[in-house]
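Student: Can you look at this prediction? I've put the sequence above it.
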Amino acid sequence: MIQQLIITLPSFKRGYHLVTDLIERQLPPLPDTGLLNILVQHTSAAISLNENADPSVRHDFETFMNKLVPENDPSLTHTQEGSDDMPAHLKSSLIGASVNIPITHHQLNLGTWQGIYLCEFRNSGGRRKLVVTIMS
Amino acid sequence: MIQQLIITLPSFKRGYHLVTDLIERQLPPLPDTGLLNILVQHTSAAISLNENADPSVRHDFETFMNKLVPENDPSLTHTQEGSDDMPAHLKSSLIGASVNIPITHHQLNLGTWQGIYLCEFRNSGGRRKLVVTIMS
Amino acid sequence: MIQQLIITLPSFKRGYHLVTDLIERQLPPLPDTGLLNILVQHTSAAISLNENADPSVRHDFETFMNKLVPENDPSLTHTQEGSDDMPAHLKSSLIGASVNIPITHHQLNLGTWQGIYLCEFRNSGGRRKLVVTIMS
């Protein structure tokens, strides 16, 4: 059995944002056992599973990824949409546009320290749309 | 219900290639609602979702990833299959060997600007085989 | 139909470890056609598909990823859990916490050269827990 829904997130500033609760609050009652897929329908954001406790981890993600994929690199040619645009595309494919999370006993079965990150790579990305697919 | 098929892509030169149409053309009629998984059965290529409009994005991916994972790095030891081989393995795990795409109203439900990239990391990778699994 | 099981891996030292056989040995009889998802329930390890033959590839992964995400980077602030901790979180999102593998004729349908890597990023990560979901 397959269920599907759209979740439109609020606008987030550039950075890494824990959205587990925000997403769980919008899910229908989950099946006993299954798999949930979340796709972010954008090419300058990403979604990932990582540490859900200490905000310094999300802060360091922003610092590190900006160093890994610098803006204003003169070897990049896709520059007409702003200096944050092409780095955002690159980061999106490095982190990934979707996650799969097992469902167990009607709940998302993440590890104790795992949460869902919305990774916003644009300075003004606006509201991001997620397609959520629940398989059981 | 599960359907599965093999898609063998034509040979692509090293670089990032938009293959959305190529793949959609070979799919059976899709279910109303579901999830499609594509696995590239190789360790020196990858598959990703990214910008489907401006070829300069794909060009910049090639430039950036070659700088991120340089060839002829003297600290690498797996060199007997050519200078492009070990970097190809590294890029493959950084980008990933599979994507999941929701199916909605009998169609792939990608964002407006999202397309499927075949990322060919070898100088002569040959024809790449995809396993496509459709769940509904 | 959905089946789910937990696999607890033995402790691995920091590095990249081929765990295909270890995982396959613990799976129930697989359906004729399906998809298998593996989630590593941790934020300082990852799971990936890559070359299954030459150990020098796994060795080079460790060398390369340590250079890509260096320890003791003074710009990182999340340092209280050891110098290997924040780099482990970063590597985890770059490689990814889950893989999907098609099932064909009752077997994992990986490419000839593909195996499953457990990527252990901590110096002493301990036993890692995998949630395996089988859809058919």
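Tutor: Cool, the structure landed.
Student: Help me confirm that A:Leu90 comes into contact with B:Glu62.
Tutor: No - if you go by Cβ atoms under 8 Å, A:Leu90 and B:Glu62 don't touch, sitting 11.1 Å apart. Quick note: C-beta positions are derived from backbone N, CA and C, even for glycine.
Student: who's more crowded, those two?
Tutor: Taking neighbours as other Cβ atoms under 10 Å in any protein chain shown, A:Leu90 and B:Glu62 compare with A:Leu90 leading, 25 against 15.
Student: Can you tell me the closest non-neighbouring residue to the more buried one?
Tutor: Excluding the flanking residues, the one nearest A:Leu90 by Cβ to Cβ, 6 or more residues apart in numbering or on different chains is A:Val69, at 4.9 Å.
Student: And for A:Ile47?
Tutor: Counting by Cβ to Cβ, 6+ apart, A:Val40 is the residue found nearest to A:Ile47 once chain neighbours are left out, at 4.8 Å.
Student: which ones are touching the one you found?
Tutor: Contacts of A:Val40 were listed using Cβ atoms under 8 Å, 6 or more residues apart in numbering or on different chains, and they are A:46-47, A:97-98, A:118, A:128-130, B:111.
Student: Distance check, it against B:Ser48.
Tutor: Using Cβ to Cβ, to the nearest Å, A:Val40 is found at 13 Å from B:Ser48.
Student: if I look at these two, which residues touch both of them?
Tutor: Common contacts of A:Val40 and B:Ser48 (Cβ under 8 Å, 6+ apart): A:Ala97.
Student: count of residues packed around A:Ile23?
Tutor: The tally of other residues near A:Ile23 (other Cβ under 10 Å) stands at 20.
Student: With A:Gln26 instead?
Tutor: Burial of A:Gln26 is recorded as 14 neighbouring residues (other Cβ under 10 Å).
Student: That one touches A:Ile7, doesn't it?
Tutor: Yes - with contacts counted by Cβ under 8 Å, A:Gln26 reaches A:Ile7, the gap being 5.1 Å.
Student: State the pLDDT value of the residue of chain A found nearest chain C.
Tutor: Residue of chain A nearest chain C, by Cβ to the nearest Cβ: A:Gly111 (3.1 Å). A:Gly111 carries a pLDDT score of 98 in this model.
Student: Let me see the ranges of the strands in chain A.
Tutor: For chain A, the strands defined by DSSP state E cover A:2-8, A:15-18, A:33-40, A:45-51, A:98-104, A:107-108, A:114-120, A:129-135.
Student: and the residue nearest the centre of chain A, what does it touch?
Tutor: Centroid check for chain A by Cα atoms, centre = their mean gives A:Ile47 as the closest residue, at 2.0 Å. With contacts defined as Cβ under 8 Å, 6+ apart, A:Ile47 is in contact with A:38-40, A:95-99, A:116-119, A:130.
Student: Also A:Gln3?
Tutor: Counting by Cβ under 8 Å, 6+ apart, A:Gln3 makes contact with A:28, A:133-134, B:33.
Student: Can you add pLDDT, neighbour count and distance to A:Tyr16 and give those back as TSV?
Tutor: Converted to TSV, those look like this (pLDDT from 0 to 100; neighbours: other Cβ atoms under 10 Å in any protein chain shown; distance: Cβ to Cβ, whole Å):
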residue	pLDDT	neighbour count	distance to A:Tyr16
A:Pro28	98	9	27
A:Thr133	98	25	24
A:Ile134	98	19	25
B:Thr33	98	18	31
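Student: wait, doesn't A:Gly34 sit right on A:Asn109?
Tutor: No - between A:Gly34 and A:Asn109 there is no contact under Cβ under 8 Å: 9.7 Å.
Student: what do the two both touch?
Tutor: A:102-103.
Student: thinking again about what came up before, for PyMOL, write the select line for the buried members of the contacts of A:Val40.
Tutor: The following PyMOL line selects those of the contacts of A:Val40 that are buried, judged by 16 or more other Cβ atoms under 10 Å in any protein chain shown:
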select buried, (chain A and resi 46+47+97+98+118+128+129+130) or (chain B and resi 111)
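Student: for the contacts of A:Val40, which one is nearest A:Met86?
Tutor: For those, the closest approach to A:Met86 (Cβ to Cβ) belongs to A:Ala46, at 14.7 Å.
Student: For chain B, what is the nearest residue in chain A?
Tutor: For chain A, the residue closest to chain B is A:Gln41, as judged by Cβ to the nearest Cβ, at 3.1 Å.
Student: What parts of chain A come near chain B?
Tutor: With the criterion set to Cβ under 8 Å from any Cβ of the partner chain, chain A comes near chain B through A:2-4, A:37, A:39-43, A:68-69, A:73, A:75-78, A:86, A:89-90, A:92-94, A:96-98, A:100, A:129, A:131, A:133, A:135.
Student: Could you identify the buried members of those residues?
Tutor: Neighbour counting with 16+ other Cβ under 10 Å marks A:2-4, A:37, A:39-43, A:68-69, A:73, A:76, A:78, A:86, A:89-90, A:92-94, A:96-98, A:100, A:129, A:131, A:133, A:135 as buried within the residues of chain A next to chain B.
Student: what's the spacing between the longest helix seen in chain A and its chain's center?
Tutor: If you go by DSSP state H, chain A has its longest helix at helix A:55-68. Put simply, helix A:55-68 sits 14 Å off its chain's centre (Cα atoms, centre = their mean, to the nearest Å).
Student: returning to that earlier point: Throw the strands of chain A into CSV and include distance to C:Ser124, thanks.
Tutor: Compiled in CSV, the strands of chain A are given as follows (distance: least, Cβ to Cβ, whole Å):
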stretch, distance to C:Ser124
strand A:2-8, 38
strand A:15-18, 26
strand A:33-40, 31
strand A:45-51, 18
strand A:98-104, 26
strand A:107-108, 28
strand A:114-120, 20
strand A:129-135, 36
